[in-house]
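*Asks:* For reference, the sequence and a predicted model appear below.
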Amino acid sequence: MTPAASDTLFYVVFGVFVIVSLLLIVLVIRFTLSRAALARARWLDADDGDLESGDVGRESSHQLDGRPDRGITALVLAGGGTRGAVQIGMLQVLAEHNFVPDRIYGCSVGAVNGTAYAADPSREWVEHMTEVWLALDRDRVYPQGRLHGPWAYVRQRDSVYPNSGLRSIVEDGVPYDRLEDATIPVEVVATSLTDGRERWFTFGPVVDAVLASSAVPAIFPPVEVDGERYIDGGVVNNVPIRRAIDAGATRIVVLLCTPPTYTPMVPRRPAESILNALWIAVHARFARDLSQLPPDVEVIVCSGTESGDREFDDFSTTEKLIAEGRREAEEIVARYGLGSTVPIRPRPRPVPAVPPEPPELPEPPDAPSSLDTVETSGGEILAAETRASEAITRRLARLRGQTGIRSRAPSMNDEREITDSDSEDQDRVSEPTSSEPASSEPAASRSPDSQPRPGT
């Protein structure tokens, strides 16, 4: 190849490269500007008080009719990992005092407990939830693979553990399939990996919503719902009291898994510094929401007492946490008078495979049957016929006594004779006493007794 040809080829290749690079730069700039415009539009909509465009679910009733509901009592369950067992003790006391909220809001482990409690806020159902928590252990919630070890934290994957264990727990512990089928309206929050904002699930599959709200970063994988990926809702709103306030709640009962104030620990490793920053941000959001409460909203906080270092997969103190939650809730209930004295009617359980036979209803005493009625009517008819026959017999006997006819059994001819004789008697009564010629009535129409005898 000559130098001139090689120079020409270089210029052509370089020119194509420059053109392609410029096209890529233009496309990147256009994409960046479009995403920025979309994020700005969502931010402006949120500032105006409208629904977030990324909310997953339907609008609640206070947003549909344009005015907020008043007098609503909300139950808010915060996140807290394995410390969520403390909420079970609190729910036990609330159920014993017949506390039934109007709406439930949950985050992370609070979404697990909240969706289960929304199915049936009765004492019996909370006892079932307690049994489920007491049976949890590390292997069931965090199943490990064959090659599990410290290297699992540096492998190129979304999480260290699969969420199959948590999925089976939610499927077995929540007795309904969709959020809108809950006995008490329930909403759960998750964090979107698209723009980092909170998303609220108000309808749809309950398992997917709970898994998305409980997808702890690096521990569980993100959950994809309708083409968008979500992680733990505690990243942006661990104690979602603001959602309850926006829904019109005037009384909010908050169940925390840890003390309301956070004292940062002294970090010894870089990872601990990251966790410190995360928990400081989580508690700062809750403190800010408490400081901005409207004057007509009452917030009752029921918090756990355990704090400090704790392994995320430690279930060894579940029973102790439940007892602590009971003690805290009993004091709160006595102080604020939560619940009522009217017992709650248990919610219906799923229909069993073989339904019980209905009890036999006793027959009413002395109830006449249709057969008795028929027999009674037949007896009355027979008695009437007997009386008529007796009357005919007496009439025939009287006539025979007058004419000397021998007694015999009555017949239908006798009835006709009685009728004719009665008519002739009436004729005799009506005849004049003067000597008038005899009636010209044909002899055949007269009875034998009334015809003239020969020689008279």
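*Replies:* Great, that's in hand.
*Asks:* Run through the helices of the stretch 251-400 of the chain in chain order.
*Replies:* 270-291, 318-336, 370-403 (DSSP state H, counting those that start in this stretch).
*Asks:* so where is the stretch 251-400 of the chain shaky, pLDDT-wise?
*Replies:* 269-272, 274-275, 306-310, 340-385, 388-389, 395-400 (pLDDT under 70).
*Asks:* cutoff 90 now
*Replies:* 258-285, 287, 303-317, 336-400 (pLDDT under 90).
*Asks:* buried set for stretch 186-199?
*Replies:* 186-192, 197-199 (16 or more other C-beta atoms under 10 Å). From N, CA and C alone the C-beta is placed, and that goes for glycine too.
*Asks:* For those, work out which two are farthest apart.
*Replies:* 186 and 197 (20.7 Å; C-beta to C-beta).
*Asks:* Report how many residues lie close to residue 339.
*Replies:* Burial measure for residue 339: 16 neighbouring residues, criterion other C-beta atoms under 10 Å.
*Asks:* same check, this time on residue 107
*Replies:* Residue 107: 31 neighbours (other C-beta under 10 Å).
*Asks:* Tell me what it is bridged to.
*Replies:* Counting by DSSP bridges, residue 107 forms beta bridges with residue 189.
*Asks:* low-scoring stretches of the stretch 101-250 of the chain, by residue?
*Replies:* In the stretch 101-250 of the chain (pLDDT under 90), the answer is 137-140, 142-162, 216-219.
*Asks:* do you know how far residue 226 is from residue 237?
*Replies:* Distance of residue 226 to residue 237, computed by C-beta to C-beta, to the nearest Å: 20 Å.
*Asks:* who has more neighbours, those two?
*Replies:* Between residue 226 and residue 237, counting by other C-beta under 10 Å, residue 237 is the more crowded of the two (24 against 7).
*Asks:* Leaving out chain neighbours, which residue sits closest to the more buried one?
*Replies:* Nearest residue to residue 237, sequence neighbours excluded (C-beta to C-beta, 6 or more residues apart in numbering): residue 198, at 5.0 Å.
*Asks:* ok, now which ones touch the one you found?
*Replies:* 52, 189-192, 233, 236-237, 240 (C-beta atoms under 8 Å, 6 or more residues apart in numbering).
*Asks:* Backbone dihedrals for residue 7, please?
*Replies:* phi -60, psi -40 (degrees, to the nearest 10).
*Asks:* How much space separates it from residue 392?
*Replies:* Residue 7 is 149 Å from residue 392, by C-beta to C-beta.
*Asks:* When those two are compared, which one has more neighbours?
*Replies:* Comparing residue 7 with residue 392 by neighbour count (other C-beta under 10 Å), the higher total belongs to residue 392, at 15 against 10.
*Asks:* Check which residues of stretch 209-221 are buried.
*Replies:* Neighbour count says stretch 209-221 has 209-217, 219-221 buried, by 16+ other C-beta under 10 Å.
*Asks:* In TSV: these, plus distance to residue 331 and secondary structure.
*Replies:* Putting the buried residues of stretch 209-221 into TSV (distance: C-beta to C-beta, whole Å; DSSP: H, G, I helix; E, B strand; the rest coil) gives the following:
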residue	distance to residue 331	secondary structure
209	32	helix
210	30	helix
211	34	helix
212	34	helix
213	29	helix
214	29	coil
215	34	coil
216	31	coil
217	35	coil
219	33	coil
220	34	coil
221	40	coil
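*Asks:* Please report the distance of the nearest residue to residue 256 once chain neighbours are set aside from residue 14.
*Replies:* Spatially, and ignoring its direct neighbours in sequence, residue 256 is nearest to residue 303 (3.9 Å; C-beta to C-beta, 6+ apart). Note on residue 303: its distance to residue 14, by C-beta to C-beta, is 67 Å.
*Asks:* what about the two, which has more around it?
*Replies:* residue 303 (19 against 10).
*Asks:* The more buried one against residue 259, yeah?
*Replies:* Yes. Assessed by C-beta atoms under 8 Å, residue 303 is found in contact with residue 259 at 5.5 Å.
*Asks:* For the stretch 101-250 of the chain, which segments count as helices?
*Replies:* So, for the stretch 101-250 of the chain - with DSSP H, counting those that start in this stretch - the helices run 109-117, 123-134, 138-141, 164-173, 206-213, 234-237, 241-246.
*Asks:* Can you list the helices and strands that the longest one packs against?
*Replies:* With contacts defined as 3 or more C-beta pairs under 8 Å, 6 or more residues apart in numbering; DSSP states H and E, the packing partners of helix 123-134 are helix 85-96, helix 109-117, helix 164-173, helix 318-336.
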